[in-house]
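> got a sequence here, can you model it:
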Amino acid sequence: MNTTTAVPAGRLTSTALGYPRIGPNRELKRALEAHWSGRLDADGLEAAAAAVRAGMLDDLSVLDTVPTGTFSLYDHVLDAAFAVDAVAPRHRRETALASYFAAARGDDAAAPLEMTKWFDTNYHYLVPEIGPDTEFKANPDKAVAEFLEARERGLDARPVLLGPVSFLLLAKPAANAPADFRPLDRIVDLAVVYVEIINALGRAGAGLVQLDEPALCADRTREELAATAEAYLRFNEDVEIVVGGGYGPLGVALEVLRSAGVEGFALDLVRGRSDIETLEELQSPHVSRETYLLAGVVDGRNIWRTDLARAAADIERLQRISDRVAVSSSSSLLHVPVDLAVEHDLPEGLAERLAFARQKLEEIVALADPDGPRDARPESPEAWRDAAVRERLAALDPGADRRVPYADRAAAQAARVPLPAIPTTTIGSFPQTAELRKARAAHRQGLMIDADYRARMRAEVAAVIAEQEHLGLDVLVHGEPERNDMVQYFAEQLTGFATTAAGWVQSYGSRCVRPPVLYGDVARTAPMTVEWTAYAQSLTEKPVKGMLTGPVTILAWSFVRDDQPLADTADQVALALRDEVRDLEAAGTAIIQVDEPALRELLPVRAAARAAYRDWATRSFRLATSGVRPETAIHTHLCYSEFGEVIDAISALDADVTSIEASRSKMEVLTDLDRARYRSAVGPGVWDIHSPRVPAADEMAAALRLAVAALGPGRVWANPDCGLKTRRYEEVRPSLAGLVEAARAVRAEVA
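Numbers count the residues shown, from 1 in each chain. I've put the predicted structure just below:
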């Protein structure tokens with residue numbers, strides 16, 4: 001058997017499970033968008049990608065072993081689909097690159113793959129489509145090439161692939177698959193192809209391959225675990241296999257995999273420390289001293305510095321189990337920014353408590369050094385606590401999160417704002433043009449005075465209102481030109497938050513976000529949105545929605561303090577939003593939308609923890625929205641999740657209207673709503689705004705007919721899937737015109 005020099009017995013080594021792949025200055029994002037616009041050819045894109053990969057290897061070279069294959073042009077799940085040739089026929093084009101982007105983004109000829117959240121993170125992955133006739137075929141070129149790139153630099157490399165079990169569990173049946181077909185039914189066929197890819201890596205010199213199986217961190221049935229064993233028993237003994245979890249404990253899967261011959265495990269010891277106890281119980285004969293254990297003690301998903309004393313204690317426990325232990329990140333560092341060193345304007349005392357990707361590599365190296373530091377992390381300063389916020393929460397009335405019954409509210413709202421059947425609206429933002437971004441940047445840099453900036457933003461609001469009136473939309477929005485991001489905008493106006501200059505993290509493809517740092521108690525010091533909403537309403541007789549981001553989403557899309565329960569932090573944010581909601585109502589706003597697109601995102605991977613999460617998450621939303629009169633309508637918005645898993649929580653939000661992603665999933669959410677006996681109004685998205693294609697009016701009308709058939713015309717709204725910030729007006733105008741046309745057509749049919 002080949003052995004890798006990276007895991008010598010008896011010596012603690014260092015590694016990581018993955019690294020940010022967009023570049024420290026979002027170089028990949030710019031290259032992708034230049035390619036899509038026709039300004040950069042395929043060779044230029046590959047050159048830019050190679051430069052980003054080289055930078056990743058430069059950073060990772062401080063480790064004893066570097067992971068390879070974790071770079072992606074768009075999404076690692078899509079990469080896995082192409083590695084086994086599981087490409088839907090509608091996406092096959094003349095070149096592999098054109099096929100790849102057709103699957104990722106769609107084009108004039110075909111809709112893209114569905115996109116949804118990656119476990120309990122804000123990363124979005126593309127959902128493979130697998131049928132009984134899908135012909136798998138090995139394509140190891142990417143994995144081998146990236147492994148050899150590292151080897152040519154003299155680095156000890158460990159190829160990383162998405163594991164076959166997770167690939168199939170994350171997939172959906174192809175459209176023509178029988179009703180009883182499950183993608184996991186194809187596990188044996190897929191395992192054969194994985195053997196070919198692993199053997200190709202072995203021939204290239206890899207003695208060890210990591211297969212990521214994050215789906216095994218969730219609750220799995222006996223049949224799924226049996227399929228796991230069946231797959232792993234087929235792998236070649238000439239290459240060692242390490243299975244990574246990364247999103248919680250592997251639990252019972254550890255014994256299944258070890259019995260199937262797996263030589264090692266990459267453990268998430270931040271969210272899955274119980275795996276240490278499991279391994280201790282499995283010791284001899286199931287876990288030998290030769291089992292390779294990657295101790296994931298450095299958090300790959302948050303930016304707080306590691307408690308080195310606690311991490312060292314966990315490492316020592318693993319060393320009592322095995323002679324081959326490596327210090328690692330708990331997951332891929334994909335979820336954190338690249339470098340803290342460029343941040344110079346953080347609040348006093350905050351920077352020394354943070355670690356971005358490069359700093360996390362330093363922590364890993366320090367923990368692997370027997371003489372390295374082993375400091376415990378200091379407590380948060382008292383100055384970060386606000387007694388008034390805590391006293392207000394403690395004094396809340398038990399009924400502060402309740403409104404009158406929905407039926408009573410619906411009648412009062414219809415009387416206040418009469419609307420036609422199937423009202424049309426958008427989710428909130430309108431295109432953020434280059435001119436708008438330049439104006440915000442100039443204002444931020446002091447090159448545009450406040451008065452000129454406000455005039456520029458007001459002019460944009462007026463243009464957006466006029467655009468919507470011309471299109472014939474029923475409920476309008478102000479377009480959010482003043483907002484850089486739906487979370488950062490609020491973070492900049494609330495206490496307890498800090499924002500970064502370059503803390504970019506990939507959300508999907510070329511889309512990057514800059515999560516704020518929520519480090520202290522949260523309070524609102526002044527109204528945040530009232531002026532813009534009131535101004536927009538002054539320009540039209542049609543209702544204009546107030547637009548806020550909900551407490552759960554603000555937490556999910558921030559790096560949140562870990563020194564108190566998330567539920568307590570959510571309630572603090574909710575109280576700040578409650579004040580804003582009340583001020584919007586006092587200013588005459590009849591409809592207030594509080595978006596919670598991340599409701600599914602924070603849902604725990606394991607079922608046992610979900611009820612408690614649903615309780616505090618939905619309570620925080622209701623706390624934010626329940627201080628208004630019955631005639632004020634509360635809307636919310638959710639997108640790109642498996643909604644069936646949180647349908648009860650959606651009901652518990654008690655919103656009057658819920659707009660929800662539905663186009664990529666072909667209105668599957670309607671079945672979930674029916675099963676849950678959901679009774680409020682729904683706006684199932686009929687236009688996928690994450691694709692550049694412009695849907696036909698007939699296509700959107702067909703989707704609305706499905707919604708009306710399932711819910712009735714009195715409970716259906718027509719809207720896009722999400723905000724329009726990332727789209728161009730050349731796409732927005734015809735798409736919204738088609739949406740209005742579709743709604744009117746279906747409205748006439750049900751009149």
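
> now the strands for the stretch 51-200 of the chain?
66-68, 115-117, 124-126, 129-130, 157-162, 172-173 (DSSP state E, counting those that start in this stretch).

> note down every partner strand of the second one and its orientation.
Looking back up the chat, that one is strand 115-117. According to DSSP bridges, strand 115-117 forms sheet pairs with strand 124-126 (antiparallel).

> quick one: Y19 is in a strand?
No. The assignment for Y19, made by DSSP: H, G, I helix; E, B strand; the rest coil, is coil rather than a strand.

> and the pLDDT at it?
Y19 carries a pLDDT score of 98 in this model.

> any idea how far G372 is from it?
Counting by CB to CB, to the nearest Å, the gap from Y19 to G372 is 21 Å. For glycine as for every other residue, the C-beta is placed from the backbone atoms N, C-alpha and C.

> show me which of those two is the more surrounded one.
With neighbours defined as other CB atoms under 10 Å, Y19 and G372 compare such that Y19 has more, 27 against 17.

> number of nearby residues for the closest residue to A81 other than its chain neighbours?
The shortest distance from A81 to any non-neighbouring residue, by CB to CB, 6 or more residues apart in numbering, is to P128 (4.6 Å). Neighbour count for P128, taken as other CB under 10 Å: 25.

> I figured P128 hits L170, correct?
Yes. Using CB atoms under 8 Å, P128 is in contact with L170, at 7.0 Å.

> what's the spacing between Y678 and Y613?
Here the distance between Y678 and Y613 works out to 20 Å (CB to CB).

> skip the chain neighbours and tell me the closest residue to T278.
L254 (5.4 Å).

> which residues in the stretch 301-450 of the chain form strands?
Counting by DSSP E, counting those that start in this stretch, the strands of the stretch 301-450 of the chain are 324-329.

> where does the stretch 251-400 of the chain dip in pLDDT?
Residue ranges of the stretch 251-400 of the chain with pLDDT under 70: 284-287.

> anything in contact with each of P128 and L170?
V77 (CB atoms under 8 Å, 6 or more residues apart in numbering).

> stretch 80-92: end-to-end distance?
Start-to-end span of stretch 80-92 (CA to CA, to the nearest Å) is 16 Å.

> now that stretch: how far from the chain's centre is it?
Taking CA atoms, centre = their mean, to the nearest Å, one finds the center of stretch 80-92 at 23 Å from the center of the full chain.

> if you count neighbours, what's buried in it?
The neighbour-count check on stretch 80-92 (16 or more other CB atoms under 10 Å) flags A80, A81, F82, A83, V84, A86, V87, A88, R90, H91 as buried.

> turn the residues you listed into a markdown table, columns for distance to R390 and pLDDT.
A markdown table is the format used below for the buried residues of stretch 80-92 (distance: CB to CB, whole Å; pLDDT from 0 to 100):
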| residue | distance to R390 | pLDDT |
| --- | --- | --- |
| A80 | 47 | 98 |
| A81 | 49 | 98 |
| F82 | 52 | 98 |
| A83 | 52 | 98 |
| V84 | 53 | 98 |
| A86 | 52 | 98 |
| V87 | 54 | 97 |
| A88 | 53 | 95 |
| R90 | 55 | 96 |
| H91 | 53 | 97 |
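
> great, nothing more from me.
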